[in-house]
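Engineer: What follows is a protein structure lacking sequence information:
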C-alpha cells in the first residue's frame, strides 16, 4: 500500500482479555517500530525490527507484551491479560533506512481501551 | 541518559502572529533530528530532518533550525490550519540499533 496500515483503528476490550494489533508497513521498508502514546505523554518505544536481525525488545513494559514480524513485512503486537493501564494509542512506523534519511512513516494508530 | 524536551507544552497564537517552538536534546551518537506534525486521532506526519548544527530547512510557513543542543521550529504568519501538535525526535545509534527518542510535543492552536 501507499502508507503504513494499522488495524483495528479502535479496540475496546475487557480487563484480562488478550488483544492483537496489526501493522502492515510500507512495501520495501526493512525497519519497523512499535510505539505507545498515552494521553499527554510522548511516544514510548516498545520494539524494533530490522530485516532478519533479532528484534530490539528493550521497550516492552512487561512479559504480557510480545510482537512478531512475519516474512519481514506484517507485524503483530500482542498484549495478553490486558490491564487498564494498557489503554493507549499504539502506533506503528516503518523506515527504509537507506542513505541518511531515516525518517519514520507512521500509521494512523490503534486506539486500545481496556475496561 | 538520552533525553528530548520540548517547550512550551501548549501555545495559542492569533492568525499571523509568528512564534517559535523549542526542542532541546541530550543524546550520544546523534544521527539526526526530526520534526513531525500530529493532528488529533492521526499518526505523526514527517516534516523535516536536520543532521548538523547550522542546518536549516523550510516548508511553507515552517522553518526548522538546529544547533548543537537544540532545534527551533519557526512558524511565520501562522494560519488556523497550522493548529496541531508538533513533535521533535532525535535519532541515535546504540550498539547498532537505531533508536528514536521523542519529546512530548507542543500543542499549537492558531486562532482566526
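Structural biologist: Yep, that arrived. Owing to the predicted nature of the structure, the values given are computational and were not obtained by experimental measurement. Numbering: from 1, shown residues only, chains lettered A, B, ... in the order given.
Engineer: Low-confidence ranges, the chain, go.
Structural biologist: Using chain A. A:1, A:97-101 (pLDDT under 70).
Engineer: The intended chain is chain B.
Structural biologist: In chain B, residues with pLDDT under 70: B:96.
Engineer: which parts of it sit against chain A?
Structural biologist: B:4, B:31-32, B:34, B:36, B:41-46, B:49, B:51, B:87, B:89, B:91, B:97-105 (C-beta under 8 Å from any C-beta of the partner chain). From N, CA and C alone the C-beta is placed, and that goes for glycine too.
Engineer: give me that answer again for 6 Å
Structural biologist: B:32, B:34, B:42, B:43, B:44, B:46, B:49, B:91, B:97, B:102, B:103, B:104 (C-beta under 6 Å from any C-beta of the partner chain).
Engineer: Next, give me the two most distant ones among those residues.
Structural biologist: B:42 and B:97 (27.2 Å; C-beta to C-beta).
Engineer: which residues in chain B form strands?
Structural biologist: Using DSSP state E, the strands of chain B run over B:3-7, B:10-14, B:19-26, B:30-38, B:45-50, B:56-59, B:62-66, B:70-75, B:84-94, B:97-102, B:106-111.
Engineer: In three-state terms, label residue A:85 for me.
Structural biologist: Here residue A:85 is recorded as helix under DSSP: H, G, I helix; E, B strand; the rest coil.
Engineer: measure it to chain B for me?
Structural biologist: 18 Å (C-beta to the nearest C-beta, to the nearest Å).
Engineer: Nearest residue to that residue in space, please, no chain neighbours.
Structural biologist: Counting by C-beta to C-beta, 6 or more residues apart in numbering or on different chains, residue A:85 lies nearest to residue A:114, which is 7.9 Å off, once chain neighbours are set aside.
Engineer: same question, residue B:16
Structural biologist: The spatially closest residue to residue B:16, leaving aside those adjacent along the chain, is residue B:77, at 5.0 Å (C-beta to C-beta, 6+ apart).
Engineer: Need phi/psi at that neighbour.
Structural biologist: Here the main-chain torsion angles of residue B:77 (degrees, to the nearest 10) amount to phi 50, psi 60.
Engineer: What count of nearby residues applies to it?
Structural biologist: 12 (other C-beta atoms under 10 Å in any protein chain shown).
Engineer: Which of the residues of chain B next to chain A sits closest to residue A:11?
Structural biologist: Relative to residue A:11, and with distances defined as C-beta to C-beta, the nearest of the residues of chain B next to chain A is residue B:43, at 16.1 Å.
Engineer: Contacts only, for the one residue in chain A that gets nearest to chain B.
Structural biologist: Closest contact between chain A and chain B, by C-beta to the nearest C-beta, is at residue A:106 (3.4 Å). When contacts are counted by C-beta atoms under 6 Å, 6 or more residues apart in numbering or on different chains, residue A:106 touches A:91, A:93, B:43, B:44.
Engineer: if we go to 10 Å?
Structural biologist: Neighbour list for residue A:106: A:3-4, A:6, A:33, A:35, A:43, A:91-94, B:36, B:38, B:42-46 [criterion: C-beta atoms under 10 Å, 6 or more residues apart in numbering or on different chains].
Engineer: For it, give its distance to residue B:18.
Structural biologist: Distance, residue A:106 to residue B:18, by C-beta to C-beta, to the nearest Å: 28 Å.
Engineer: Residue B:73 now?
Structural biologist: With distances taken as C-beta to C-beta, residue B:73 is found 12 Å from residue B:18.
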